[in-house]
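K.L.:
Attaching a predicted model along with its sequence, questions to come.
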Number of protein chains: 2
Amino acid sequence: MLKDSSRNKAYRQAIFDNVDQIKGRVVLDVGAGTGILSVYCAQAGAARVYAVEASNVFKIAQEIVKENHLDQIVQVINSRIEDAILPEKVDIIVSEWMGFYLLHEAMLDSIITARDKFLKPGGLIFPESATLYSAPCSVPSMFEFWHDVDGVSMGRFGARLRSEAAHRPITAPVAPEDVLADPEIVVWIDLREVTSEDVSSVKIRHVAVANRPGKYQGICLWFTCTFPSFSAEPVSLSTAPEEPETHWKQTTIVLPNELQVEERAPIAYELTLARSSESARRYNIEVAMLDPDEVEHPEYCNCHMTKCILVRAMLEKYEMESLPK
Amino acid sequence: MLKDSSRNKAYRQAIFDNVDQIKGRVVLDVGAGTGILSVYCAQAGAARVYAVEASNVFKIAQEIVKENHLDQIVQVINSRIEDAILPEKVDIIVSEWMGFYLLHEAMLDSIITARDKFLKPGGLIFPESATLYSAPCSVPSMFEFWHDVDGVSMGRFGARLRSEAAHRPITAPVAPEDVLADPEIVVWIDLREVTSEDVSSVKIRHVAVANRPGKYQGICLWFTCTFPSFSAEPVSLSTAPEEPETHWKQTTIVLPNELQVEERAPIAYELTLARSSESARRYNIEVAMLDPDEVEHPEYCNCHMTKCILVRAMLEKYEMESLPK
């Protein structure tokens, strides 16, 4: 993960853009790992940094803090955040808590706990918000690839792999040109306010509109995080297909069968993410393909179905008429 | 592994270049996996192909053979080769048996068994020979990288990783520009003759000569395989750093400490690969750095040490004198 330079650079820039907020303040790093974010905060002038790490990696964090001559500022604490005791409240929480498709095995609950236990009112959280997106996509590695594997047809094997993948999303880069429609927001999380219940189950019904002809073979998920900002353009860390690859890549739920779609075809789906009953840090994901005839389209839907063309024409006419003469 | 197109293409080309040898013949595919090599042989005109696969993957092979309408030719047999019973001897053995650095967890013993049990005298083996190479190299991901991880010094952590890697070679691509000297052959295996004992332990002592200044940080290993050829240029499958990446990548034994070397500096090392006492399919690798002053250099060594410069001058003089006037 340390080799995920996009990630490190986003945090580093967000922290250094906020030197005025961090200088002389007290910081808590939740799930500090090797302590790289704690070091950034100390370098940015924090008065004290509590780096809380539950696993044995805390020893590496101690070593790295010392090697960077910051052991007077960064205190590494080997504890779960739920059990941690700090001598004071903190001005700022930093954490790299995001899992695959944001929520999978994520430490979001730990951040919520840390915030409620340790953050001063009005304190800052890095990152401050996170957004999960979904979009229909092609997944050539699970479909076309198996039609001709260097001269051998393996279509049925590919179908078997797909039926397994339907129960277990795949983590792999999605090429930007394989995304078939604009993304929809699945959930927006404001770290300052979110509760654990808010994210125990998330469901959207959406009618995406294909922006080109292609094979609809799956739904891919990615997320962005945005950091607090008081002066510069806010830093955001995006794991979108068109951004440089991160260790999160993208997550794809593969459909059992593909569907050829034309440009402006409506693609209706329901996406559900629900906490697993076995582990609160795991989610079960389900995608249901819906009949575009039977679901309500967004008001400004630009799909090629007659009802949407009519609604659009009416709306345009109305807008024209209401323009000042 | 099916996605390793360099591998598939090399086998495919080697098989199709030898259509004259394969047409009407009986083939044995050892450790057939998904059966892709069996399908190639059947496509090339083999009369019968026995695809022997010990694991449950044999079911996938059966499916793929059927999907390609070759089930009249390819017979998938779910068995270890040691226990397999075939109704006849075979003209050709094909197998993709190579492990990381050729020997690690490789199926070489199975090929030897198959050859001794089932191959007709003078029969062909695809591939026919394999060569393992070693060369001193730089390993920036294990050294320089840790000096500055996006602004944080992690040198001691890097040193810890290296001391772990010293006992466990790393499998990762080596950039061609990180190879410091010409490779040396560690072992050459002629599949037609090799015995299991021949490869139970392999040791070389070598004085490599740096072909540029650089940091000597490890010894990397790779291999090539060569296929039988009667007409075209023989096909070879190379996993060298300068070749397109394969799933074998390269294997590197990382040194605990780096050594800056100048151009033409001698790099003396001893490399030992010995079968593990716990598992015959595993090897223990050891690299010993030797003092170039204390080991014998090759006759035509072009290193910058005085004795080699003198020997070279003498040899050149002798060659000049022995030229016809």
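P.N.:
Nice, thanks for sending it over. Numbers count the residues shown, from 1 in each chain, chains lettered A, B, ... in the order given.
K.L.:
Next, the contact list for A:Val52, please.
P.N.:
A:Leu28, A:Asp29, A:Val30, A:Gly31, A:Ala32, A:Ile77, A:Ser79, A:Ile81, A:Ala84, A:Ala114 (CB atoms under 8 Å, 6 or more residues apart in numbering or on different chains). Glycine gets a C-beta too; all of them are placed from N, C-alpha and C.
K.L.:
residue contacts, the spatially closest residue to A:Thr224 that is not a sequence neighbour?
P.N.:
Nearest non-adjacent residue to A:Thr224, counting by CB to CB, 6 or more residues apart in numbering or on different chains: A:Ser238, 4.3 Å away. By CB under 8 Å, 6+ apart, the contact set of A:Ser238 is A:Trp222, A:Phe223, A:Thr224.
K.L.:
Make CSV out of the contacts of A:Val52 and add neighbour count.
P.N.:
Below are those laid out as CSV (neighbours: other CB atoms under 10 Å in any protein chain shown):
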residue, neighbour count
A:Leu28, 32
A:Asp29, 32
A:Val30, 25
A:Gly31, 20
A:Ala32, 29
A:Ile77, 19
A:Ser79, 15
A:Ile81, 25
A:Ala84, 19
A:Ala114, 26
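K.L.:
Closest to A:Ala165 out of those?
P.N.:
Nearest to A:Ala165 among the contacts of A:Val52 is A:Gly31, at 29.3 Å by CB to CB.
K.L.:
what pLDDT, on average, does the longest helix along chain A get?
P.N.:
Across chain A, the longest stretch assigned as helix under DSSP state H is helix A:306-322. Helix A:306-322 carries an average pLDDT of 86.
K.L.:
For it, which outside residues touch it?
P.N.:
A:Pro266, A:His297, A:Glu299, A:Tyr300, A:Cys301, A:Asn302.
K.L.:
most surrounded residue in the residues you listed?
P.N.:
When neighbours are counted by other CB atoms under 10 Å in any protein chain shown, A:Pro266 leads the contacts of helix A:306-322 with 23 neighbours.
K.L.:
Specify the beta-bridge partners of that residue.
P.N.:
Beta-bridge pairing of A:Pro266 under DSSP bridges involves A:Val209.
K.L.:
ok, it - contacts?
P.N.:
Contacts of A:Pro266 (CB under 8 Å, 6+ apart): A:Val207, A:Ala208, A:Val209, A:Ala210, A:Pro292, A:His297, A:Cys301, A:Cys303, A:His304, A:Met305, A:Cys308.
K.L.:
Export those residues as TSV, with columns for distance to A:Val94.
P.N.:
Below are the contacts of A:Pro266 laid out as TSV (distance: CB to CB, whole Å):
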residue	distance to A:Val94
A:Val207	38
A:Ala208	35
A:Val209	39
A:Ala210	40
A:Pro292	44
A:His297	41
A:Cys301	41
A:Cys303	43
A:His304	47
A:Met305	47
A:Cys308	45
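K.L.:
near chain B, which residues of chain A show up?
P.N.:
Residues of chain A that fall close to chain B, judged by CB under 8 Å from any CB of the partner chain: A:2-3, A:5, A:8-9, A:12, A:34, A:36, A:39-40, A:43, A:60, A:63-64, A:67-68, A:141, A:145, A:149-157, A:160.
K.L.:
Mind checking which of those land in strands?
P.N.:
Residues of those located in strands (DSSP state E): none.
K.L.:
now those residues: which count as buried?
P.N.:
For the residues of chain A next to chain B, a neighbour count by 16 or more other CB atoms under 10 Å in any protein chain shown gives the buried set as A:2, A:8, A:12, A:34, A:36, A:39-40, A:43, A:60, A:63-64, A:67-68, A:141, A:149-150, A:152-155, A:157.
K.L.:
Tell me which residue of the stretch 101-250 of chain A lies closest to chain B.
P.N.:
Distances between the stretch 101-250 of chain A and chain B by CB to the nearest CB are smallest at A:Asp150, namely 3.7 Å.
K.L.:
any idea how far B:Gly35 is from that residue?
P.N.:
From A:Asp150 across to B:Gly35, the span is 13 Å (CB to CB, to the nearest Å).
K.L.:
joint contacts of these two?
P.N.:
Joint contacts of A:Asp150 and B:Gly35 (CB under 8 Å, 6+ apart) do not exist.
K.L.:
re the thing from before, any chance of the contacts of A:Ser238 in a markdown table with pLDDT and secondary structure as columns?
P.N.:
As requested, these are arranged in a markdown table below (pLDDT from 0 to 100; DSSP: H, G, I helix; E, B strand; the rest coil):
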| residue | pLDDT | secondary structure |
| --- | --- | --- |
| A:Trp222 | 98 | strand |
| A:Phe223 | 98 | strand |
| A:Thr224 | 98 | strand |
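K.L.:
Who's the closest spatial neighbour of A:Ile22, skipping the chain neighbours?
P.N.:
A:Ile22 sits nearest to A:Ala44 (CB to CB, 6+ apart), 4.5 Å away.
K.L.:
returning to that earlier point: now, the residues of chain A next to chain B that are in helices?
P.N.:
A:5, A:8-9, A:12, A:36, A:39-40, A:43, A:60, A:63-64, A:67, A:145, A:155-157, A:160.
K.L.:
Check which helix or strand the closest residue to A:Thr195 other than its chain neighbours maps to.
P.N.:
Nearest-residue entry for A:Thr195: A:Ile112, 6.6 Å, with adjacent residues in sequence omitted and distances by CB to CB, 6+ apart. Element membership for A:Ile112 (DSSP states H and E) is helix A:108-118.
K.L.:
what's that helix packed up against?
P.N.:
strand A:26-30, strand A:90-95, strand A:119-126 (3 or more CB pairs under 8 Å, 6 or more residues apart in numbering or on different chains; DSSP states H and E).
K.L.:
which of those strands is buried the deepest?
P.N.:
Most buried of these by mean neighbour count (mean count of other CB atoms under 10 Å in any protein chain shown) is strand A:26-30; its value is a mean of 28.
K.L.:
So what are the sheet partners of that strand and their directions?
P.N.:
strand A:48-53 (parallel), strand A:90-95 (parallel).
K.L.:
Out of those strands, which is closest to B:Ser95?
P.N.:
Using CB to CB, these put strand A:48-53 closest to B:Ser95, at 47.8 Å.
K.L.:
so where is the stretch 1-150 of chain A shaky, pLDDT-wise?
P.N.:
For the stretch 1-150 of chain A, the stretches flagged by pLDDT under 70 are A:1.
K.L.:
Look up the closest residue to the residue positioned nearest the centre of chain A, ignoring the ones flanking it.
P.N.:
Chain A has A:Phe223 as the residue nearest its centroid, 2.5 Å off, counting by CA atoms, centre = their mean. Excluding the flanking residues, the one nearest A:Phe223 by CB to CB, 6+ apart is A:Leu102, at 4.0 Å.
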